[in-house]
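[1] test case, fold it:
(one chain, ligands or ions: 1)
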Amino acid sequence: MAGDGDIALVAEGLVRAFGSRKAVNDVSLRLSDGECLALFGPNGAGKTTLLRLLGGLLRPTRGRTMLHGTPLPGPSATRRLVGLISHHAMLYPALTVRENVRFAAECQGVMDADTATTRVLQQLRVLDRAESPVRYLSRGLQQRVSIARALVHGPRLVLLDEPYTGLDEVGALVFTGALRELKASGATLVLITHNLAEGLMLGDRAAIMKDGQIVHEEHAVDGGFDLPRFQALYRSLVHEAIA
Ligand SMILES: Nc1ncnc2c1ncn2[C@@H]1O[C@H](COP(=O)(O)OP(=O)(O)OP(=O)(O)O)[C@@H](O)[C@H]1O
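    A predicted model of the protein is given here:
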């Protein structure tokens, strides 16, 4: 699309219906390289559905998503640019940490899967457990391995659905560091979290979803957000939804 050179992700008029219910109802977004959108909203607002549409993991009922000018879901080369991190570890429990991550690297066509695996395990501070079968790891460590697996191929669009669930303080810090590095390398991030402080810390932009629509969006000012003001705004929108 002309003029969209630095726009990594463009979503236009996305609608996704399940039966007669529209889980996502006319959402448009434009995200640049290195930008992080923090996405908030009450349960059932449509956040996960939107994330899956943005990653080309779900086909929209209407509208389209373009990643660097290529429609999603697109060819596998384009799909390889996407990494999804959720709070479900979805690892092979009998395989070791290294085997799980290397297998993902190989499936994603990474040239030197061994080196990439070691690098990402080091980044997530789980290299010392590389030869342990995943089933012997605590839930928090399993979550770090699942993050490593999602990042091993160096995705340019990283979709995060409540990724901090199950991480302790150290795990959360290590993970935040990894996300900052990703952003600095130019990856585009979309982060769903119910923790406003956490989301606003990483986000350059913040959006609130309600009933399938983005009802509020704002950019960070001077590199940050006014947390108390945003919390009050969020509560007023969500309480209005409950009333
Ligand atoms: N596969 C599906 N089939 C039918 N309905 C679905 C499906 N996936 C999602 N929905 C419905 O779409 C709506 C939005 O769900 P979604 O999971 O996107 O919300 P969410 O904002 O991520 O919620 P939460 O904060 O609870 O994770 C809900 O009403 C949900 O029941």
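
[2] where does pLDDT dip in this structure?
    Counting by pLDDT under 70, the chain shows low-confidence ranges at 1-6, 74-75, 77-78, 240-243.

[3] what ranges does it have for its helices?
    47-54, 76-79, 97-107, 113-123, 139-151, 169-184, 196-202, 227-242 (DSSP state H).

[4] touching the ligand at all, the last one?
    No: for helix 227-242, no contact with the ligand is found by CB under 6 Å from any ligand atom; the gap never falls below 11.2 Å. Any C-beta I mention is one placed from the backbone N, CA and C, and that applies to glycine too.

[5] so what touches that helix?
    40-42, 196-197, 200, 206, 208, 210-211, 215-216, 218 (CB atoms under 8 Å, 6 or more residues apart in numbering).

[6] how about a cut-off of 10 Å?
    The contact list for helix 227-242 (CB atoms under 10 Å, 6 or more residues apart in numbering) reads 38, 40-45, 196-197, 199-201, 206, 208-211, 215-216, 218, 225-226.

[7] now which of these would you call buried?
    Buried members of the contacts of helix 227-242, scored by 16 or more other CB atoms under 10 Å, are 38, 40-42, 45, 196, 199-201, 206, 208-210, 216, 225.

[8] from the contacts of helix 227-242, which are also near the ligand?
    Contacts with the ligand are made by 41, 43-45 out of the contacts of helix 227-242, judged by CB under 6 Å from any ligand atom.

[9] which residues of the protein lie near the ligand?
    18, 23, 41, 43-49.

[10] cutoff 8 Å now
    Contacts of the chain with the ligand, taken as CB under 8 Å from any ligand atom, map to 18-19, 21, 23-24, 41-52, 161-162, 192, 194, 209, 212.

[11] nearest spatial neighbour of residue 171, skipping sequence neighbours?
    Among residues not flanking residue 171 along the chain, residue 140 sits closest, at 4.9 Å (CB to CB, 6 or more residues apart in numbering).

[12] residues contacting that neighbour?
    165-172.

[13] are any of the residues you listed buried, and if so which?
    Buried among the contacts of residue 140 by 16+ other CB under 10 Å: 166-167, 171-172.

[14] what is the nearest of those to residue 111?
    residue 171 (29.3 Å; CB to CB).

[15] surely residue 16 meets residue 49?
    Yes: assessed by CB atoms under 10 Å, residue 16 is found in contact with residue 49 at 5.4 Å.

[16] mind listing the shared neighbours of the two?
    22-24, 27, 58, 60, 212.

[17] would TSV of the buried ones among the contacts of residue 140 with distance to residue 151 be doable?
    Formatted as TSV, the buried ones among the contacts of residue 140 follow (distance: CB to CB, whole Å):
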residue	distance to residue 151
166	17
167	15
171	15
172	16
